[in-house]
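**Student:** what's the 3D shape of this:
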Amino acid sequence: MMINRREIQMEWGDCDPGGIVYYPRYFEYCDACTNALFAKAGFPKFDMVRNYDIAGIPLVESSARFLIPSQFGDVVIIESSIAEFGRSSFSVRHRILKGSELAAEIIEKRVWAKQIRDAKSADGAAPGPVRYKAEPIPAAVRQKLSG
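**Tutor:** Numbers count the residues shown, from 1 in each chain. Got it, this is the predicted structure:
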């Protein structure tokens, strides 16, 4: 299993008025860490979008457990890995460590998505709405991220 590790220092702007890291910031960190995991496997996001003709890997579900708060100046390590592959979806597990202790764990479920654009809207006057369709994850992507 491929694991990407990323060190992040908590900044003043990451914190809420109580002085602890505001929880949505963790989701931003994890989004960036998912991209870093794919890049480590040889699939930087820009190249993935271009080479596989996908719209991206949007988040469709998430869960989180916050165990130890982080504060301004703290340094955490985020370990990211693929927890599970489906046909067109996959789950990424992010373990956020303060020293050797698990501070938080976030699971993201994402979809390998292609953009579909209808030629015209229902009234025929404008381009149709943008829709997304789940596509099978290519074998090369699965293999690299599993190993």
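**Student:** Strands of the protein, start to end?
**Tutor:** For the chain, the strands defined by DSSP state E cover 4-9, 59-66, 75-85, 89-98, 101-111, 113-117, 130-134.
**Student:** Next, the angle strand 89-98 makes with the lengthiest helix in the chain.
**Tutor:** Identified as the longest helix of the chain according to DSSP state H is helix 24-40. Relative orientation of helix 24-40 versus strand 89-98 (axes from the mean of the first three to the mean of the last three CA atoms, to 10 degrees): 120 degrees.
**Student:** Would you mind pulling the contact partners of helix 24-40?
**Tutor:** Residues outside helix 24-40 that contact it (CB atoms under 8 Å, 6 or more residues apart in numbering): 2, 4, 6, 8, 14, 44-45, 48, 57, 59, 62, 64, 66, 78, 80-82, 92, 94, 96, 104, 106, 108, 110, 145. The C-beta positions use only the backbone N, C-alpha and C, and glycine is treated the same way.
**Student:** before we move on, what about stretch 95-102?
**Tutor:** With contact meaning CB under 8 Å, 6+ apart, stretch 95-102 is reached by 26, 29, 67-68, 70, 74-80, 103-106.
**Student:** what is the mean pLDDT for that stretch?
**Tutor:** Per-region confidence: stretch 95-102 scores 97 on mean pLDDT.
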